[in-house]
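Trainee: Sequence and predicted structure are below.
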Amino acid sequence: MKKQILAILVLTAGLTLGLPLQAATLKIATVTPENSQWMKDMRASAKEIRERTEGRVQIKYYGGGVMGNDQKVLSRIRIGALQGGAFTPTALAAQYSNLNLYGLPMVFDSEEEAAYARSRLDSKLSAGLEEAGFVNFGFAGGGFAILMSNTPVDSLDDLKGKKVWIPEGDDISRRAMEAMSLSPVTLPLTDVLTGLQTGLIDIVAMSPIGALVLQWHTKVKYITELPLVYTLGFMAVDKRAFGKLSEDDQAIVREVMGRTYENFDKANLVDNRGARDALLNTGIQTVPVSPEEYEKVRAALMKLNVDLAGQGHFEKALFDEMLTYVSEYRSEH
């Protein structure tokens, strides 16, 4: 009998030794379509992490928005059904308000300006987000959201009364659109295409690459040449779940995902320019904006940005620091 018990203990120990220690699965939700290059790259990074941690850390992605809108994803993270998601800044602005900074309307004139400011501020925003309870691995710029519509828009007068989509919970976008005399309509990202199809909304503001990936370009006829809002995306993982990994495994995940998002950031700049050309190749027409109208829009929106800073929607010191970097870039170029 003792020999049988000993044999069972030895066998059990052998099976245990064959299993990865501190195994964990990070379940991540994203609206990225399953067959897109972005999803392929994320799955490749998950494979590398699994191999380098010898199976201790596995990442399972739920693509195409199957886990619902941002609020549903955050609810699932809170109860542990998910460990993270791929978000835009507005989704987590309630947890860390300084994520609003890059997306303030008409702050940047070009990708280069945004890159200059980001090179000095990204690390501060990542640290602030982690203090708020979410680990992230860098930001991937998505280019500028430009106005897309079914009627030409080249002035503030053309915007009056038009119905424009804004993300759920995005008070800054709502106020920005109201400052341009638009009528905001709140919809989850997953419902925007249907909103364009049914006439529930007339105008969307989205980067060219985002419009292509989400197929919104199939329901609009014009794009207005106005760099309205700088967009970016990032992955955020619940800090408590991430903290359960060993320090060595955390370092591997940070390295691999940091490299992945750095590559996204570089590739998106090139891809977004190509996406704009692709939009025009589908027959969508571009609408130029005169310098006078450009400055009129900028003046209205920069006044809003200053008001928001004064009202505590983000740290005024960081806002002023960002504007200093923008001024530095413009004076040097």
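Mentor: Cool, the structure landed. Numbers count the residues shown, from 1 in each chain.
Trainee: rest of the way, CA atoms for contacts and neighbours
Mentor: Noted.
Trainee: Go ahead and confirm Gly161 touches Pro184.
Mentor: No - at 9.3 Å, Gly161 does not count as touching Pro184 under the criterion of CA atoms under 8 Å.
Trainee: What separation do you get for Tyr61 and Ser155?
Mentor: According to CA to CA, to the nearest Å, Tyr61 and Ser155 sit 42 Å apart.
Trainee: Can you list the strands that the longest strand along the chain pairs with?
Mentor: The strand spanning the most residues in the chain, taking DSSP state E as the definition, is strand 222-238. Strand 222-238 sits in its sheet next to strand 84-87 (antiparallel), strand 134-136 (antiparallel), strand 140-149 (antiparallel), strand 285-287 (parallel), going by DSSP bridges.
Trainee: Just the helices from the stretch 151-300 of the chain, written as ranges.
Mentor: Remark: helices of the stretch 151-300 of the chain, listed N- to C-terminal, are 156-159, 171-179, 192-198, 208-213, 239-243, 247-281, 291-310; assignment by DSSP state H, counting those that start in this stretch.
Trainee: Specify the stretch among the ones you listed that is closest to Gln95.
Mentor: With CA to CA as the measure, helix 239-243 is the member of these nearest Gln95 (12.8 Å).
Trainee: contact partners of the closest one?
Mentor: Outside of helix 239-243, the residues that reach it under the criterion CA atoms under 8 Å, 6 or more residues apart in numbering are Leu26, Gln83, Glu130, Gly133, Phe134, Val135, Gln250.
Trainee: how about a cut-off of 6 Å?
Mentor: Helix 239-243 is touched from outside by Gly133, Phe134, Val135, with contacts defined as CA atoms under 6 Å, 6 or more residues apart in numbering.
Trainee: Which among the residues you listed count as buried?
Mentor: Buried residues within the contacts of helix 239-243, counting neighbours by 16 or more other CA atoms under 10 Å: Phe134, Val135.
Trainee: ok so, going back, which of the helices of the stretch 151-300 of the chain sits closest to Tyr116?
Mentor: Among those, if distance is taken as CA to CA, the winner is helix 247-281, at 13.4 Å.
Trainee: With only the CA atoms kept, save the one helix or strand Arg120 maps to in CSV.
Mentor: Assigned by DSSP states H and E, Arg120 falls within helix 111-131. The C-alpha trace of helix 111-131 is given here as CSV (Å, rounded to 0.1, in the frame of the first residue of the first chain):
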residue,chain,number,x,y,z
GLU,A,111,1.9,64.2,-37.7
GLU,A,112,5.4,65.7,-37.1
GLU,A,113,4.1,68.1,-34.5
ALA,A,114,2.3,65.4,-32.7
ALA,A,115,5.4,63.1,-32.8
TYR,A,116,7.5,65.9,-31.3
ALA,A,117,5.2,66.4,-28.4
ARG,A,118,4.6,62.7,-27.8
SER,A,119,8.3,62.0,-27.6
ARG,A,120,8.3,64.2,-24.5
LEU,A,121,5.0,63.2,-23.0
ASP,A,122,4.2,59.6,-23.8
SER,A,123,6.2,58.2,-20.8
LYS,A,124,4.3,60.6,-18.4
LEU,A,125,0.9,59.5,-19.7
SER,A,126,1.9,55.8,-19.5
ALA,A,127,3.1,56.2,-15.9
GLY,A,128,-0.1,58.1,-15.0
LEU,A,129,-2.3,55.4,-16.5
GLU,A,130,-0.5,52.7,-14.6
GLU,A,131,-1.0,54.7,-11.3
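Trainee: Name the residues of it that come out as buried.
Mentor: Using 16+ other CA under 10 Å as the burial criterion, the residues of helix 111-131 that qualify are Glu113, Ala114, Ala115, Ala117, Arg118, Leu121, Asp122, Leu125, Ser126, Gly128, Leu129, Glu130.
Trainee: pLDDT of stretch 130-139, averaged?
Mentor: Mean pLDDT, computed over stretch 130-139, is 96.
Trainee: What is the end-to-end distance of it?
Mentor: When the termini of stretch 130-139 are compared using CA to CA, they are 13 Å apart.
Trainee: from the middle of its chain, how far away would that stretch be?
Mentor: For stretch 130-139, the separation from the chain centroid amounts to 13 Å (computed by CA atoms, centre = their mean, to the nearest Å).
Trainee: gap between Thr231 and Tyr61?
Mentor: Computed with CA to CA, the distance linking Thr231 and Tyr61 is 22 Å.
Trainee: Also Leu104?
Mentor: In this view, Leu104 and Tyr61 are 30 Å apart by CA to CA.
Trainee: before we move on, what about Asn150?
Mentor: 35 Å.
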